[in-house]
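Colleague: how would this look folded up:
(2 chains)
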Amino acid sequence: MSTSNRRSRVRVGLLLGPPMLWLGVAYLGALAALFVTALWTQNGFTGQIEREWTLDNFRTLFTVDVYRTIALRTIAVALLVTVIDAVVALPIALYMSKVAGPGLRRFLLVAVLMPLWASYLVKAYAWRGMFSEGGLVSSAFESVGLKSPGYGLAATVVTLAYLWLPYMILPIYAGLERLPNSLLEASADLGGRSLQTLRRIVLPTVVPAVVAGSIFTFSLSLGDYIAVRIVGGTNQLLGNVVYDNVGAANNLPFAAAVATVPVVVMLVYLAAVRRTGAMESL
Amino acid sequence: MTMSRSTRIVLRVLTVLILCVIYVPLLLVLVNSFSASKTFAWPPRDFTLDWWRRAAESQGALDALWVSVRVGLAATVIALVLGTMVAFALQRFRFYGREVVSLLVILPIALPGIVTGIALNNAFRTIFGWQLGFVTIVIAHATFCIVTVFNNVIARLRRTGLSLEQASADLGASGFTTFRLVTFPMIRSALLAGALLAFALSFDEIIVTTFTAGANLQTLPIWIFNNLFRPNQAPVVNVVAAALIVLSVVPVWLAQRLSGDAESLGAGR
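Modeller: Got it, this is the predicted structure:
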């Protein structure tokens, strides 16, 4: 017994060694170094990083109004995108899993998945076209006598929701697949109306799936800076601040401090949703 | 089935509407790539194949495409090896810290891309003192591609169970023979699906790439982004975008056929 135990321990070690070394060094190490860098500072004159411990970067982050506004705006955008995706994904996932026949279901799955793998940039670019002057959105708005929203936060939210929608549809669909039809039938037999069944049977089953999907929609929105540059007009999200400080300003310590915001938000979020069992359905 | 007729109709209408919203923007890009106008004016008036010809001759786009393909292949190979190893370890053995390991695999895509990007950028430049370039892009991409291979392989391992391998061992096959003749054929299509998705993920990635590519190397997404705001390049960007939409059908279709498992497709980014 003990020899086979030892042998299996050796095997686990051999199997896990290389990937853990990779993820540990290349990823966790880099993350740790990032947080250390956030505690350093940049010499405003030479642009060199000075390895002195300081909380200045975080102080700037929390006391300068612009950054606070951008941080709150980013979180609000991420939340809004997540809610929109959940609301849009529910009916289509429900239709796919519980109404459509097997053939149609396969077709719909592929139809939903294909745009997931269409390039991120191409999708954002497509919405730039939609929201552009003379584009489809402005034509539609003008035809009913309204002014088109143009490039701005509204366009950013729509584009992000569009980009991440498949990440919400898939887990909800998978969750509903596992919900036995007999439960729905039982609810109907007991006199439950459609809406009642939806509220009391379907919704509780999809909550973990929605949470799983929200991890992606929320996290991806928190870190985005490209979509907002393509359709967001002059608005900025946290990602833009990070990007500008790595590139133009070359203030890596401050960029690192800004980048800790989405990480902390995400870690809090992940810790909060662990209880829902969503992590297993990722 | 047990839903009332009206509920089903409402769901059907909503589904059609959502699919329209999903496809209309992409179709517009396709149509626009043939439009003679240089802007996104709607509706397009004249059609031409000129932009497609110009795009096919665009050296910048072609170079970037070649970089993307090489990066994607290299990252996929690394992700295949590492992702498969983790999947076997987690599925076949019970050990302390399994949860931490699976979290560590998911983390690179669960955290925002910009965090991964700047963390790696900082590590490569400040800690290792490396020049950013091909190698650093591959390392970055492989890191977040591991999870797609992992997801596909572990799903397959869960489904197939151990009995065939045990039978093989009982019949006297060595560990290596069992792997070659039993285990590998069982997971082969899952590996292929995982590889396809890893490649697609790498091919598409821009945020992490921006931070790890350096100034001299462009992947295709970076090329598109750099040319997006240049008015003269708009028609060529349009064609590249249209071509990518058409091409994206291929990996999805193949992976769907190979794995037959919808969940494994979505789990990657």
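Colleague: can we go C-alpha only for contacts and neighbour counts from here?
Modeller: Fine.
Colleague: Quick one: the strands in the stretch 1-150 of chain A, in order.
Modeller: Taking DSSP state E, counting those that start in this stretch as the criterion, the stretch 1-150 of chain A carries its strands at A:41-42, A:49-50.
Colleague: Please see if the first one touches chain B.
Modeller: No. If you take Cα under 8 Å from any Cα of the partner chain as the test, strand A:41-42 misses chain B, and the best it gets is 13.1 Å.
Colleague: Roughly how far does B:R94 sit from chain A?
Modeller: Separation of B:R94 from chain A (Cα to the nearest Cα, to the nearest Å): 9 Å.
Colleague: For B:A74, list the residues it contacts.
Modeller: Listed by Cα atoms under 8 Å, 6 or more residues apart in numbering or on different chains, the contact partners of B:A74 are B:138, B:142.
Colleague: Need the per-residue pLDDT for it.
Modeller: pLDDT for B:A74: 95.
Colleague: Buried by neighbour count: which residues of the strand or helix carrying it qualify?
Modeller: Using DSSP states H and E, B:A74 sits in helix B:59-92. Buried residues in helix B:59-92, counted by 16 or more other Cα atoms under 10 Å in any protein chain shown: B:61-62, B:64-65, B:67-90, B:92.
Colleague: hmm, back to that, mind putting the strands of the stretch 1-150 of chain A into JSON lines with distance to A:Q236?
Modeller: As requested, the strands of the stretch 1-150 of chain A are exported to JSON lines (distance: least, Cα to Cα, whole Å):
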{"stretch": "strand A:41-42", "distance to A:Q236": "23"}
{"stretch": "strand A:49-50", "distance to A:Q236": "25"}
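Colleague: Of all those, which one is nearest A:V158?
Modeller: Nearest of those to A:V158, taken as Cα to Cα: strand A:41-42 at 37.1 Å.
Colleague: and that closest one, average pLDDT?
Modeller: On average, strand A:41-42 scores 72.
Colleague: Excluding sequence neighbours, find me the nearest residue to the residue in the stretch 101-250 of chain A that chain B sits nearest to.
Modeller: Chain B sits closest to A:G223 of the stretch 101-250 of chain A, with a gap of 4.5 Å, by Cα to the nearest Cα. Leaving aside its chain neighbours, A:G223 sits nearest to B:P112 (4.5 Å; criterion: Cα to Cα, 6 or more residues apart in numbering or on different chains).
Colleague: Now for the closest residue in space to A:Y67 that isn't next to it in sequence: which residues touch it?
Modeller: For A:Y67, ignoring the flanking residues on the chain, the nearest one in space by Cα to Cα, 6+ apart is A:L61 at 5.7 Å. For A:L61, the contact set (Cα under 8 Å, 6+ apart) comprises A:67-68, A:257-258.
Colleague: For A:L61, give me the pLDDT.
Modeller: For A:L61, the predicted pLDDT is 81.
Colleague: quick revisit: so which of the strands of the stretch 1-150 of chain A is the most packed in?
Modeller: strand A:41-42 (a mean of 20; mean count of other Cα atoms under 10 Å in any protein chain shown).
Colleague: so where's chain A shaky on pLDDT?
Modeller: Low-confidence segments of chain A (pLDDT under 70): A:1-4, A:43-47, A:248-249, A:275-282.
Colleague: on that earlier part again, so the residue of the stretch 101-250 of chain A closest to chain B is in contact with B:G117, correct?
Modeller: No. Here A:G223 lies out of contact with B:G117, judged by Cα atoms under 8 Å, at a distance of 10.1 Å.
Colleague: list the contacts for A:L237?
Modeller: Counting by Cα under 8 Å, 6+ apart, A:L237 touches A:70-71, A:73-74, A:224-225, A:228.
Colleague: Skipping adjacent residues, who's closest to A:P19 in space?
Modeller: That would be B:L82: by Cα to Cα, 6+ apart, it lies 5.0 Å from A:P19.
Colleague: The one you found contacts A:L21, doesn't it?
Modeller: No. The pair B:L82 and A:L21 fails to qualify as a contact (Cα under 8 Å) at a distance of 10.1 Å.
Colleague: Is it correct that B:V135 falls within a helix?
Modeller: Yes. Counting by DSSP: H, G, I helix; E, B strand; the rest coil, B:V135 is located in a helix.
Colleague: what residue ranges in the stretch 1-150 of chain B are flagged as low confidence?
Modeller: Using pLDDT under 70, the stretch 1-150 of chain B drops low at B:1-3, B:36-46.
Colleague: what ranges do the strands span in it?
Modeller: Counting by DSSP E, counting those that start in this stretch, the stretch 1-150 of chain B contains no strands.
Colleague: still on that earlier bit, how close does the residue nearest to A:Y67 get to A:A38?
Modeller: Distance of A:L61 to A:A38, given as Cα to Cα, to the nearest Å: 11 Å.
Colleague: Need the residues touching each of these two.
Modeller: Taking Cα under 8 Å, 6+ apart as the criterion, A:L61 and A:A38 both touch A:A257.
Colleague: Would you mind listing what in the stretch 51-200 of chain B touches chain A?
Modeller: So the stretch 51-200 of chain B meets chain A at B:82-83, B:85-86, B:88-89, B:93, B:101, B:104-105, B:108, B:110-116, B:118-120, B:122-123, B:139, B:143, B:200 (Cα under 8 Å from any Cα).
Colleague: Check the burial of the closest residue to B:L49 other than its chain neighbours by counting its neighbours.
Modeller: Ranked by Cα to Cα, 6+ apart and with sequence neighbours excluded, the top spatial neighbour of B:L49 is B:F34, at 5.9 Å. When neighbours are defined as other Cα atoms under 10 Å in any protein chain shown, B:F34 has 20 of them.
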